[in-house]
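[1] Starting from these lines, generate the structure:
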Amino acid sequence: QVQLVESGGGLVQAGGSLRLSCAASGRTFSSNGMGWFRQAPGKEREFVAAINWSSGSTRYADSVKGRFTISTDNAKNTVYLQMKSLKPEDTAVYYCAARGGWAGRWAVDYDYWGQGTQVTVSS
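    Have a look, this model is predicted:
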C-alpha cells in the first residue's frame, strides 16, 4: 500500500501562484508514475501533470502547459505541483495519484489516490 497526502491548496487571486505537495509513504518503491489530477464541481476528473520517479520525465495537459511544473524530491518522497498564472478555471480539488507503471494521463491506470486539496482562484 502507498499512502498519499496532499497539501498546499487554498484561495488565491487570478494571476497568483500556489505550490501543492504530495507526500508519499508506505511501499513507495512500488510506485513509479506519479500524477496530479483535478476535479471541478459538476465535471469529470481530468489529468493535469505526471512524472516518473525513475527518469524524471514529465507530461502536462495542454491547459496548464507553461504555467504548471511538476517535480519530485526523492529524499522526501514528495511530489510537487508549482502553479503560476492561475486562472479561475483552475479552481478544483486537486488529487495526487500513484501507480507502478509509467506516469500516464488516464486516471483509471492509477492505483493509489490522496484525499485531495482544494484550490480556489478568484477573479
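[2] Need the nearest residue in space to the spatially most central residue of the chain, chain neighbours excluded.
    Nearest residue to the geometric centre of the chain (CA atoms, centre = their mean): residue 36, 2.3 Å. Of all residues not flanking residue 36 in the chain, residue 48 sits nearest, at 4.3 Å (CB to CB, 6 or more residues apart in numbering). To be clear about C-beta, it is placed using only N, CA and C from the backbone, and glycine gets the same treatment.
[3] now that neighbour: how far from residue 62?
    Applying CB to CB, to the nearest Å, the value for residue 48 to residue 62 is 11 Å.
[4] coming back round to it: thinking the residue nearest to the centre of the chain is in contact with residue 92, fair?
    No. In this structure residue 36 lies outside contact range of residue 92 using CB atoms under 8 Å: 10.5 Å.
[5] Which parts of this structure are strands?
    Along the chain, counting by DSSP state E, strands occupy 2-7, 10-13, 18-26, 33-39, 46-52, 58-60, 68-73, 78-83, 92-99, 112-113, 117-122.
[6] The residue nearest to residue 36 and residue 60 touch, don't they?
    Yes. The criterion here is CB under 8 Å, and residue 48 meets it with residue 60 at 7.4 Å.
[7] Check the spacing between residue 92 and residue 76 real quick.
    Following CB to CB, the distance that separates residue 92 from residue 76 is 25 Å.
[8] and what of residue 67?
    For residue 67, the distance to residue 76 (CB to CB) stands at 24 Å.
[9] the more surrounded of these two?
    Using other CB atoms under 10 Å, the more surrounded residue of residue 67 and residue 76 is residue 67, with 15 against 11.
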